[in-house]
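Engineer: mind looking at a prediction? Sequence and model below.
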Amino acid sequence: MWVGEKDLLFTVGFNKMREREFALWNTNDLSKPLDLKRMDSSNSLMIPLYDEDTSIMFLPSRGESIVRWVEVAGAAPYLTEGVAFPSQGSVAGAALVPKQLMKVMQAEIARILAVTPNGIWPLNFNVPRKVSTHRMFSTWRFTNDKRIFTHLTSFFSDPSKLVISRLSHRHFPRYKGACGSTGSLGVAQW
C-alpha cells in the first residue's frame, strides 16, 4: 500500500516460517525494508487501512477479534506499534469512515466499520484529554483532510465551477426519512 506523500510502501504478508509480518519500504531502494515487524504465526490475513491525516496504519485481521495499529513515520523509528483494540467479534472485513463523519468534539481521530458475524460494528479511536477541556475544539488534533481536495480535483476538471449547496428535505420529499425532518443533504453541482 502506498503511504501518502512520504514515497514509502507498506506491505503485509507471511515469511518462510509462516509468521505474519509487515514492512515499510523506500520506493527508491527496494532491496531491503526500512523496518520489518514480525507478529505471530496466525494464518489470518491482515487488511491494511491507512489514515493519511494521522499517519496511522490500522491492521484488522480476518478471523481475529482485535485491531492492531501502527504509526508510520518518515524517519527512524519508522514503525511504532500501538495497543491492540478489541472488536465485537471476529472481523470478516473492515473500512475507514470518512473524516467528515468524525465526532471532533469527542476527540475522535478515526473510526473503522468492522464486519463481524453479528453485524457491522463501529470501532472509535479517540485521543484522551482532560475532563475540563471536553467542550473545547482542539485544532492541533484535526488537520485539514487531504482526501477532500484530492477527490474533488480528480472528478472535476475545473474545481472553481463546483458549488456545494445545502438542500433540505423540502427539496427531496422522498428522502425525508434519510435526512430527518430538519436534516439537510449536501449536493454537488457544476
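Structural biologist: In hand now; what should we look at?

Engineer: tell me the SS of the residue lying closest to W2 once chain neighbours are set aside?
Structural biologist: Computed as C-beta to C-beta, 6 or more residues apart in numbering, the closest residue to W2 that is not its neighbour in sequence is L9, at 6.4 Å. Using the backbone N, CA and C atoms, a C-beta is placed for each residue, glycine as well. Counting by DSSP: H, G, I helix; E, B strand; the rest coil, the backbone at L9 sits in strand.

Engineer: number of nearby residues for A114?
Structural biologist: Counted with other C-beta atoms under 10 Å, residues neighbouring A114 total 23.

Engineer: verify the contact between the residue nearest to W2 and L24 for me.
Structural biologist: Yes: between L9 and L24 there is a contact at 7.3 Å, judged by C-beta atoms under 8 Å.

Engineer: residues shared between the contacts of those two?
Structural biologist: V3 (C-beta atoms under 8 Å, 6 or more residues apart in numbering).

Engineer: looking at these two, which is more packed in?
Structural biologist: L24 (22 against 16).

Engineer: check which helix or strand that one maps to.
Structural biologist: Element membership for L24 (DSSP states H and E) is strand 20-26.

Engineer: tell me the spacing between the residue nearest to W2 and L34.
Structural biologist: 10 Å (C-beta to C-beta, to the nearest Å).

Engineer: shared neighbours, the two?
Structural biologist: L24, W25.

Engineer: how about the helices of the chain, start to end?
Structural biologist: 146-155, 176-179 (DSSP state H).

Engineer: lowest average pLDDT across these?
Structural biologist: Across the helices of the chain, helix 176-179 has the smallest mean pLDDT, namely a mean of 39.

Engineer: count of neighbours near M105?
Structural biologist: M105: 11 neighbours (other C-beta under 10 Å).

Engineer: now do it against M39, distance only.
Structural biologist: Applying C-beta to C-beta to M105 and M39 gives a distance of 35 Å.

Engineer: again with S31
Structural biologist: 23 Å.

Engineer: the more surrounded of those two?
Structural biologist: Neighbour tally, S31 and M39, criterion other C-beta under 10 Å: the higher count belongs to M39, 16 against 6.

Engineer: how about the contacts made by the more buried one?
Structural biologist: E19, R20, E21, F22, R68.

Engineer: identify the farthest-apart pair in these.
Structural biologist: E19 and R68 (14.6 Å; C-beta to C-beta).

Engineer: who's more crowded, these two?
Structural biologist: Between E19 and R68, counted using other C-beta under 10 Å, R68 has the larger neighbour count: 19 against 13.
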